[in-house]
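Chemist: model this:
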Amino acid sequence: MKIQEIFEIKEVHQTGYTPGVVVVLDTLLTADASRLVGRTATIHAPSGEVVQLAIDEAKEHGPVNSLFFRNLTRTDIPAGSDITICLEIPTPSSIAS
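Modeler: Coordinates of the predicted model:
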């Protein structure tokens with residue numbers, strides 16, 4: 001999946017929100033965005049760097065989801081990055097195989 005847009009929330013803006021980064025995905029993973037909170041997102045930067053981050057908040061916006069990562073800046077998630085998120089919760093039988 002591609003990251004369509006990246007927005008940084010800075011403390012200096014005094015929005016009342018925790019500073020961090022919002023990424024807008026190019027697809028809708030789930031209409032129930034609460035299922036994404038706490039899951040691990042794997043960011044694949046164009047440089048080849050791979051970073052794993054916990055999703056702090058998620059929202060559904062019609063045909064796309066947005067994800068919030070607390071205390072990050074735009075430099076932590078470069079433009080043009082790909083992202084993967086595992087929606088399935090491992091079961092004991094899938095871990096044993």
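Chemist: okay, CA-based contacts and neighbour counts for the rest of this
Modeler: Fine.
Chemist: And the helices in this structure, which stretches?
Modeler: For the chain, applying DSSP state H gives helices covering 92-96.
Chemist: so where's it uncertain?
Modeler: 89-97 (pLDDT under 70).
Chemist: So which residue is dead centre in it?
Modeler: Most central in the chain under CA atoms, centre = their mean is Leu67, positioned 4.1 Å from the mean C-alpha point.
Chemist: Quick check: that residue touching Val22?
Modeler: Yes. Leu67 lies in contact with Val22 (CA atoms under 8 Å); the separation is 5.5 Å.
Chemist: Now for the nearest residue to the residue nearest to the centre of the chain once chain neighbours are set aside: which residues touch it?
Modeler: Among residues not flanking Leu67 along the chain, Ala58 sits closest, at 4.4 Å (CA to CA, 6 or more residues apart in numbering). Listed by CA atoms under 8 Å, 6 or more residues apart in numbering, the contact set of Ala58 reads Ala33, Ser34, Leu36, Val37, Asn65, Ser66, Leu67, Phe68.
Chemist: Reformat those as TSV; add distance to His44.
Modeler: Below are the contacts of Ala58 laid out as TSV (distance: CA to CA, whole Å):
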residue	distance to His44
Ala33	22
Ser34	23
Leu36	18
Val37	19
Asn65	18
Ser66	17
Leu67	15
Phe68	17
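Chemist: quick one: which of these is nearest to Gly16?
Modeler: Phe68 (14.6 Å; CA to CA).
Chemist: For the closest one, list each beta-bridge partner.
Modeler: The residues listed as beta-bridge partners of Phe68 by DSSP bridges are Val22, Glu57.
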